[in-house]
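[1] Below is the sequence, then the predicted model.
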Amino acid sequence: MRIVLQRVSRARVTVEGRVTGEIGRGLLLLAGFADGDSEDALAWMADKVVGLRIFPDDEGKMNRSVQEAGGGLLVVSQFTLYGDTRKGRRPSFVDAARPEIAIPLYERFVELLRATGLPVGTGEFGAMMDVELVNDGPVTLILER
């Protein structure tokens, strides 16, 4: 499982002009899944995302989690995170989980995040999505399990 996480002032996902998910301050998660991903990996990643101390405290230091900062989460499926570009000019996606595996993983990951009580918006799995964001900082991290 791979996530590109961005701290945002706001973010929104639209599909064919329809907003499918939107947050104010919080974290945008571009999430990719591989065949070997397990429930343990999903739980570990959900806990990591929610607990990361990357929001400023009263002194401006990165010392608060998204929960402590009162933020939300926007989760967007992103199989291209598993694009292998080492050979040739066209990425290979052989390491990305096929939809029949990735969809349940994505849905379970979103469930785990919602169970934390945070507001969670989503994209639409497999759709062509427009993702708009204002990166706050900028703060961008890559998480992998």
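    Yep, that arrived.
[2] Give me the pLDDT for the residue in the chain sticking out farthest from the centre.
    Distance to the chain centre peaks in the chain at G88, reaching 28.1 Å (criterion: CA atoms, centre = their mean). Looking at G88, its pLDDT is 94.
[3] With the one 5 residues further on instead?
    At F93 the predicted local distance difference test score is 96.
[4] Torsion angles phi and psi at it?
    When read as degrees, to the nearest 10, the backbone of F93 gives phi -110, psi 30.
[5] ok, it touching L81?
    No. With contact taken as CB atoms under 8 Å, F93 and L81 are classed as non-touching, separated by 9.7 Å. In short, each C-beta sits where N, CA and C put it, glycine included.
[6] ok, those two, which is more surrounded?
    Shown here are F93 and L81; by other CB atoms under 10 Å, L81 has more neighbours (20 against 15).
[7] Is it correct that that one is in contact with L29?
    No. Here L81 does not reach L29: they are 10.8 Å apart, not a contact under CB under 8 Å.
[8] quick one, what contacts V50?
    Taking CB atoms under 8 Å, 6 or more residues apart in numbering as the criterion, V50 is in contact with 65-67, 113, 116, 118.
[9] I'd like the next helix or strand past the helix or strand it falls within.
    With elements taken from DSSP states H and E, the one containing V50 is helix 39-51. Per DSSP H and E, the first helix or strand lying C-terminal to helix 39-51 is strand 55-56.
[10] Show me what that following strand is packed against.
    Under the contact criterion of 3 or more CB pairs under 8 Å, 6 or more residues apart in numbering; DSSP states H and E, the helices and strands touching strand 55-56 comprise strand 62-64.
[11] So for the helix or strand just after the strand it packs on, mean pLDDT?
    Following the chain from strand 62-64 toward its C-terminal end, the next helix or strand by DSSP H and E is strand 72-77. Along strand 72-77, the predicted local confidence has a mean pLDDT of 98.
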